[in-house]
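Q: give me a model of this one.
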Amino acid sequence: MNRRGLWSVRWRSAVVWVWCSFCLLTLASLTLRYIVLYIHPDHDTHRERWCPPEPVESDECYSWRPVLLPHATCGCTRRILIRHTCSEDLSPKMWDGQANSTCDPDGSVRGPQQLVMSISTPFLTPKRLATLSYTITQVNELYRGWVLRVYTRVNKHSLPSLCSLVCAHPNLDVCDITAMSETANTVHHAAWRWGVVGDPLVSTWALRYLHHALLPRDAHALTQFINSNKCWHLMKDHPTHSHSVLGSGLLAGKTSWGLSELTGIRKRILLTRHVVEEEQVFRDMVTPVIGRDVMTHDSLTCYTSAGAVPFPSRRSPGQWVGMPIPTLTNSPQNQNKSHKNATDIMPPQLKVFSVKYNSKVNTTDGFQIIKNQADNDDVNEMEREHINRKNGIPRCPHSCRPPLHPNWDYC
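A: Residues are numbered from 1 along each chain as shown. Now for the predicted structure:
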């Protein structure tokens, strides 16, 4: 029987021919795409790069060694840690001929593989010096092994007080912005903190603000990022963070993602004239190329954030990552104090936090971890909810809570 219409041999042959042609074109386009990306990898805007954590050496021939080095500006001798191998001479001359840091000379003498937290300020007033003293103390407690860089203008008025901090804290480096470049001296001071990005001697960097408090919650999240294969790190921990592509503004990354690309981003950021342009440059230059390389700790809007993961530690009542430090007292009595203890200048809100959880802190892998904070908090749930709502913190969506702690209403 001779079939006609759609069931004829001619129609069936045409359908098979169209389907086979479509499959061949799809296969050819995919093959061509991978060939182009292999020849020109810069064409891929959503590729996934791997930034694994540094391996832990089992022998004693590769470690961090303390070295006594004189400070070029302040004249004091500081005990700093330098990465050392058995084949290297442990002396300042060992770094001759290597790439210089963007915080020269303080950053260059430390050698490669540095962990650096970067902040910036236009100039250091007595009030900002007190805040800086509190910040470096918190870095010593929460970020063991990290160096705090301060990009600022150094003048003869602030130099004596600044040198007292530099000599007392070996992990504090002051970067004179006037010595970096002529362009960097004209941009908005908020962009100076990007000077650490693309530094050839830095392995992991974190951008922070001087007026932001450093909390254990911040350190826990950053530690999880360092131990992952991700290359970029963002944090969103408050409803106000959802309006910005930078979230809380606390950004971190690994130089292994690409030194040349990071250097280009830094140079573009240092050309900005306003704070708003910093976020715009990040949206235009960084967001399109990081793709799946980002880890975002998000407690409220995880369903819209790329690479969202829950925070590893529970939120303390009324606190969030990136919260501002309450105004420190500016009385002459406090300005003349040496501030040997961080609690001497600690704001009341954080002083209560330090006293309350001081007995529950345990040092693990260089970071202070609050043990069983979720089970041992003295604050009842009603008081916790009242404090959080007073600070504008809503309950965490169930999808944003850690899988092992679905009962954390305020994660």
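Q: quick one: buried residues of the longest helix seen in the chain?
A: In terms of residue count, the longest helix belonging to the chain (DSSP state H) is helix 9-39. Within helix 9-39, no residue counts as buried by 16 or more other CB atoms under 10 Å. For the C-beta atoms, the positions are set from N, CA and C on the backbone; glycine is no exception.
Q: and what of stretch 148-158?
A: Quick answer for stretch 148-158 (16+ other CB under 10 Å): 148-152, 154, 158.
Q: stretch 385-405 now?
A: 385, 387-388, 393, 395-396, 400-402.
Q: save those residues as TSV, and put in distance to Asp104, secondary structure and pLDDT too.
A: Shown next, in TSV, are the buried residues of stretch 385-405 (distance: CB to CB, whole Å; DSSP: H, G, I helix; E, B strand; the rest coil; pLDDT from 0 to 100):
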residue	distance to Asp104	secondary structure	pLDDT
Glu385	50	helix	84
Ile387	45	helix	87
Asn388	45	helix	86
Ile393	42	coil	88
Arg395	48	coil	90
Cys396	44	coil	91
Cys400	42	helix	91
Arg401	45	coil	92
Pro402	42	coil	92
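Q: which of the buried residues of stretch 148-158 sits closest to Gly322?
A: Leu148 (17.0 Å; CB to CB).
Q: what's the pLDDT at Lys351?
A: What the model reports as pLDDT for Lys351 is 37.
Q: parallel or antiparallel, list what pairs with whichever helix or strand comes after the longest helix of the chain.
A: Using DSSP states H and E, the next helix or strand after helix 9-39 towards the C-terminus is strand 62-70. Sheet partners assigned to strand 62-70 using DSSP bridges are listed as strand 77-85 (antiparallel).
Q: for the next helix or strand after the partner strand, packing partners?
A: Using DSSP H and E, the helix or strand that follows strand 77-85 in sequence is strand 114-120. If contacts are counted by 3 or more CB pairs under 8 Å, 6 or more residues apart in numbering; DSSP states H and E, strand 114-120 sits against strand 147-152, strand 202-207.
Q: given the last one, what are its sheet partners and their directions?
A: To tie it back to what came earlier, the one meant is strand 202-207. With DSSP bridges as the test, strand 202-207 pairs up with strand 114-120 (parallel), strand 251-254 (antiparallel).
Q: and the first one, by the same measure?
A: Sheet pairing of strand 147-152 (DSSP bridges) gives strand 114-120 (parallel), strand 172-176 (parallel).
Q: rewinding a little: least confident of the buried residues of stretch 148-158?
A: Taking pLDDT as the measure, the buried residues of stretch 148-158 have their low point at Ser158 (81).
Q: distance of it from Leu259?
A: 33 Å (CB to CB, to the nearest Å).
Q: equivalent analysis for Cys396, please.
A: Distance from Cys396 to Leu259, counting by CB to CB: 37 Å.
Q: dump the residue contacts of Cys222.
A: No, residue 222 isn't Cys; it's Leu. Neighbouring residues of Leu222 by CB atoms under 8 Å, 6 or more residues apart in numbering: 143, 206, 233, 252.
Q: can you tell me the SS state at it?
A: helix (DSSP: H, G, I helix; E, B strand; the rest coil).
Q: spatially central residue in the chain, please.
A: Ala252 (2.3 Å; CA atoms, centre = their mean).
Q: show me what contacts that one?
A: 204-207, 222, 225, 232-233.
Q: from those, pick the one nearest Gly307.
A: Trp232 (8.3 Å).
Q: could you give the bridge partners of that closest one?
A: Gly253, Val294.
Q: if I look at it, how far off is Ala308?
A: According to CB to CB, Trp232 and Ala308 sit 13 Å apart.
Q: so who does Arg315 touch?
A: 217, 237, 299, 388, 393, 408, 410-411.
Q: surely it is within a helix?
A: No - secondary structure of Arg315 (three-state DSSP): coil, not part of a helix.
Q: and it, what are its phi and psi?
A: Phi and psi for Arg315, reported as degrees, to the nearest 10, are phi -70, psi 130.
Q: pLDDT wise, what is it at?
A: 90.
Q: same thing with the one 5 residues further on?
A: Predicted confidence (pLDDT) at Trp320: the value is 91.
Q: Met1 now?
A: 48.
Q: got it, and the one 10 residues further on?
A: The predicted local distance difference test score for Trp11 is 76.
Q: then Pro112?
A: Predicted confidence (pLDDT) at Pro112: the value is 85.
Q: most neighbours among the contacts of Arg315, which one is it?
A: Ser299 (29 neighbours; other CB atoms under 10 Å).
Q: quick one: the spatially closest residue to Asp293 that is not a sequence neighbour from Val197, how far?
A: Sequence neighbours aside, Cys231 is the residue nearest to Asp293 in space, at 4.2 Å (criterion: CB to CB, 6 or more residues apart in numbering). As judged by CB to CB, Cys231 and Val197 stand 12 Å apart.
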